[in-house]
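# return a 3D structure for these sequence lines:
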Amino acid sequence: MAYWFVLYTFPGFFRQPLNTALFFLFFTILSFVFFFLFNGMAYCKYICPIGSVNTAFSRTSPMWLSTYQGECKTCKRPDCASACPYKLNPSKFDERNSMFGCTMCMECAHACDAVKLEFKRWGYSLYEKIKEPKMIEVMVYLFLTAVITITMRFHHGLSRSGLGEYMPWVVGGKYIQQAFNLPKWVDTSGLLAMLLSLILVFGIVYLTFGKIAKVLQTNLSNVLLSLGYAFAPLMIVGGLSHVLELFFIEYYHHIVNGFSQAFGLGVSVGPLAKRGEPWLLIFRVFPFIAGLWSLHILWNRVKMLHTPRKGYVFALASALPVFYLLLALHHHH
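As a prediction, this is how the structure comes out:
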């Protein structure tokens, strides 16, 4: 939350080399402190911005780590589990339909030949019952869908359209900017776009899943843990649209020139593409893939529920992916 708050409210902050260096220095020092204080790679699992979303990302991957169960039956003290720096047991991944906490460091594979890495269909685990679902995974999907994908649609999509000046976050941002006489480097419109995205995403889910909970005669938490996994593609796949487009426009030449400067290579390159080039529109297909894939997973997860009102439950639960698709359609138009 702190990272995205800074990114949208003070967009120029991370463009300064010193600020970026201090940001990474802070997390580097923090990682050393946690390494000496706690076991089980606590920093990587709970504090690191990348590590904390790693498991969420892996849900859509076709790569799956497990073991040959025939060889594991006679194993009383698994070498794979003993070798894992995260204190995980790969022989249990299939049974739990979860690799929660696994970073694919492959230490287990070095320790035991019974460990196997296989390719399954994309998002394999999302179509099966998850034995020990984690609320943190579902919250990551919802939070990042709001602060990355939908905020980008609002702030960098709708704000630049013909109706941009009438968008509530733009109107509100200008009012706050003038009322408090804030400097230009403070982007209040970006902050309001992010807050509105969070309110919309969590509001839609709270209202629709609350009604589903009443239909199923259970609590909201149980509904989120059973159906919330269907939202994984919204953030992970949908976000590729923005990331890939920016790679060709900005990231590529910054990365290459940065390495060249750091290591004295004497190489200088320009952007691979300019904003507005027609062929970049190909990346706009990812939000549609994400939304439709989310609905497909959702229907399969609804079918696991013991209720005769599966159609009604699916219609309610699909509110967020449908909103997401309509937003993508408007952005594409």
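# hey, let's count contacts and neighbours off CA atoms from now on
Fine.
# the strand or helix carrying residue 208 packs against which elements?
Taking DSSP states H and E as the definition, residue 208 sits inside helix 188-216. Counting contacts by 3 or more C-alpha pairs under 8 Å, 6 or more residues apart in numbering; DSSP states H and E, helix 188-216 is packed against helix 2-9, helix 135-144, helix 151-152, helix 168-179, helix 220-227, helix 310-317, helix 319-332.
# right, so these: which one is the most enclosed?
Sort the helices and strands packed on helix 188-216 by mean neighbour count, taking mean count of other C-alpha atoms under 10 Å, and helix 151-152 sits at the top with a mean of 22.
# list the buried residues in the helix holding residue 208.
By neighbour count, with 16 or more other C-alpha atoms under 10 Å as the criterion, the buried positions of helix 188-216 are 188-198, 200-202, 204-205, 208-213, 216.
# quick one: low-confidence parts of the stretch 1-150 of the chain?
52 (pLDDT under 70).
# all the strands of it, residue numbers only.
Secondary structure of the stretch 1-150 of the chain by DSSP state E, counting those that start in this stretch: the strands cover 63-67, 115-119.
# is residue 117 bridged to anything, and to what?
Note on residue 117: beta-bridge partners by DSSP bridges are residue 65.
# my guess is it contacts residue 66. True?
Yes: judged on C-alpha atoms under 8 Å, residue 117 makes contact with residue 66 at a distance of 6.5 Å.
# in terms of neighbours, single out the busier of these two.
residue 66 (20 against 13; other C-alpha atoms under 10 Å).
# residue contacts, the more buried one?
90, 91, 92, 93, 94, 115, 116, 117 (C-alpha atoms under 8 Å, 6 or more residues apart in numbering).
# helices of the stretch 1-150 of the chain, start to end?
2-9, 17-37, 42, 51-58, 69-72, 79-83, 93-96, 107-111, 135-144 (DSSP state H, counting those that start in this stretch).
# centre of the chain to the next helix or strand after the second one, how far?
Beyond helix 17-37 on the C-terminal side, the first helix or strand identified by DSSP H and E is helix 42. Offset of helix 42 from its chain centre (C-alpha atoms, centre = their mean, to the nearest Å): 20 Å.
# the residue most distant from the middle of the protein, which is it?
Most distant from the centre of the chain: residue 74, at 38.8 Å, with distances by C-alpha atoms, centre = their mean.
# so how far is residue 221 from that one?
Counting by C-alpha to C-alpha, to the nearest Å, the separation of residue 74 from residue 221 is 38 Å.
# neighbours of residue 306, how many?
Neighbours around residue 306, by other C-alpha under 10 Å: 9.
# please shift the residue numbers so they start at 20 in all later answers.
Renumbered: residue one is now 20, and that last one reads residue 325.
# where's the nearest residue to residue 286 once chain neighbours are set aside relative to residue 272, distance?
Excluding its sequence neighbours, the residue lying closest to residue 286 (C-alpha to C-alpha, 6 or more residues apart in numbering) is residue 279, at 5.6 Å. Distance, residue 279 to residue 272, using C-alpha to C-alpha: 10 Å.
# so what's residue 177 closest to, chain neighbours aside?
Using C-alpha to C-alpha, 6+ apart and skipping the chain neighbours, the partner closest in space to residue 177 is residue 183 (5.7 Å).
# the one you found is in contact with residue 175, isn't it?
No: taking contacts as C-alpha under 8 Å, residue 183 lies outside contact range of residue 175: 9.7 Å.
# related to what we said a few turns ago, may I see the buried residues of whichever strand or helix holds the residue nearest to residue 286?
Here residue 279, judged by DSSP H and E, is contained in helix 271-282. For helix 271-282, the neighbour count (16+ other C-alpha under 10 Å) marks 271, 272, 273, 275, 276 as buried.
# in this structure the second one contacts residue 290, no?
Spelled out, it's residue 272. Yes: Residue 272 is within contact range of residue 290, at 5.3 Å (criterion: C-alpha under 8 Å).
# can you tell me which of the strands of the stretch 20-169 of the chain is most buried?
With neighbours defined as mean count of other C-alpha under 10 Å, the strands of the stretch 20-169 of the chain peak in mean count at strand 82-86, which reaches a mean of 20.
# ok, residue 89 to residue 125 distance?
From residue 89 across to residue 125, the span is 20 Å (C-alpha to C-alpha).
# those two: who's more crowded?
residue 125 (16 against 9).
# in contact with the more buried one, which residues?
Counting by C-alpha under 8 Å, 6+ apart, residue 125 has no contacts.
# also residue 230?
Residue 230 sits next to residue 335 when contact means C-alpha under 8 Å, 6+ apart.
# residue 242 against residue 228, yeah?
Yes: using C-alpha under 8 Å, residue 242 makes contact with residue 228 at a distance of 6.6 Å.
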